[in-house]
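Student: predicted model, plus sequence, below.
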Amino acid sequence: MLTTVPVALKDVSINGVDIQQAMNLMGDNELSVFSMMRSYVNHVPDVLRVIRTPDVDSLKEFAIHVHGIKGASFNICANHVGEMARELEMLAKAKDLEAVEAKLHPFIQTAEKLVADLNDFLERYNADLTPKKGKKPAPDKNVLRTIYEACVNYKTAHLTKSIEELTRYDYESESGSELMNWLVRQSENLEYDLIRERLENLLVS
């Protein structure tokens, strides 16, 4: 299992990210910070593509998507992007499409620049954080319940951490492996409602 990272994060500067705050948030665990950065680079670009053309009918869904980016940004202490996402979320909830459209392009530009900078950093240091996995017969229902609750409450940070816990193991049952892979894909796209509906049926059975 990987127990070190290839560079001391305290010596790193990434434009738009408060590294020291991120380290404090993760209890000085550099592996966790690297993992959250990798998750951000993997997940956020897909969400940015989805939110490019909002309209009146899609503002509710738009607010959910930018809420996810807000949470993901604050998780890595990319506070400027997080605050921009917060403002867009509030405007979308207020159904102010004109203001959303005015602020959306600068937000996407800033978020895409952050993703590019993070990706360059991760590639430069080849931060492969994949640990050796354990084995379980099936996904832990307590973990599935935390994923379900995160989706009910649209808590991106909780969802990300629970998915990370789920993927620490390979599952012996085919249905368990399928469920894990499905949950990972849906979480990457912040499909809260789809996850909630599937786990609601599973957890009551």
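Tutor: Nice, I can see it. Being a predicted model, the structure only gives us computed values, none of them experimental.
Student: what about L183, which helix or strand?
Tutor: helix 174-188 (DSSP states H and E).
Student: for the helix or strand following that helix, the averaged confidence score.
Tutor: With elements assigned by DSSP H and E, the helix or strand that comes after helix 174-188 is helix 192-204. Averaging pLDDT along helix 192-204 yields 88.
Student: now helix 192-204: buried residues?
Tutor: Y192, L194, I195, R196, R198, L199 (16 or more other CB atoms under 10 Å). Yep, even glycine has a C-beta here, placed from its N, CA and C like the rest.
Student: could you dump the residues you listed to JSON lines with distance to M90?
Tutor: Formatted as JSON lines, the buried residues of helix 192-204 follow (distance: CB to CB, whole Å):
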{"residue": "Y192", "distance to M90": "19"}
{"residue": "L194", "distance to M90": "25"}
{"residue": "I195", "distance to M90": "25"}
{"residue": "R196", "distance to M90": "23"}
{"residue": "R198", "distance to M90": "30"}
{"residue": "L199", "distance to M90": "29"}
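Student: so how far is E172 from V47?
Tutor: Distance of V47 to E172, computed by CB to CB, to the nearest Å: 33 Å.
Student: which parts of stretch 163-178 are buried?
Tutor: I163, E164, L166, T167, Y169, Y171, G176.
Student: what's next to that stretch, contact-wise?
Tutor: The contact list for stretch 163-178, computed with CB atoms under 8 Å, 6 or more residues apart in numbering, reads 35, 39, 131, 133-140, 143-144, 146-147, 179-180, 183-184, 187.
Student: which members of those residues are positioned in helices?
Tutor: Under the assignment DSSP state H, these contribute S35, S39, V143, L144, T146, I147, L179, M180, L183, V184, S187 to helices.
Student: which stretches in this structure count as strands?
Tutor: Secondary structure of the chain (DSSP state E): strands located at 134-136, 169-171.
Student: what pairs with the first one, parallel or antiparallel?
Tutor: So that's strand 134-136. Strand pairing for strand 134-136, using DSSP bridges, gives strand 169-171 (parallel).
Student: what is the mean pLDDT for the strand it pairs with?
Tutor: The model assigns strand 169-171 a mean pLDDT of 87.
Student: pull the most distant pair out of the buried residues of stretch 163-178.
Tutor: E164 and G176 (16.7 Å; CB to CB).
Student: surely M37 and E123 touch.
Tutor: No: taking CB atoms under 8 Å as the definition, M37 is not a contact partner of E123, at 11.4 Å.
Student: of the two, who's got more company?
Tutor: Legend: neighbour count by other CB atoms under 10 Å for M37 and E123, higher for M37 (23 against 10).
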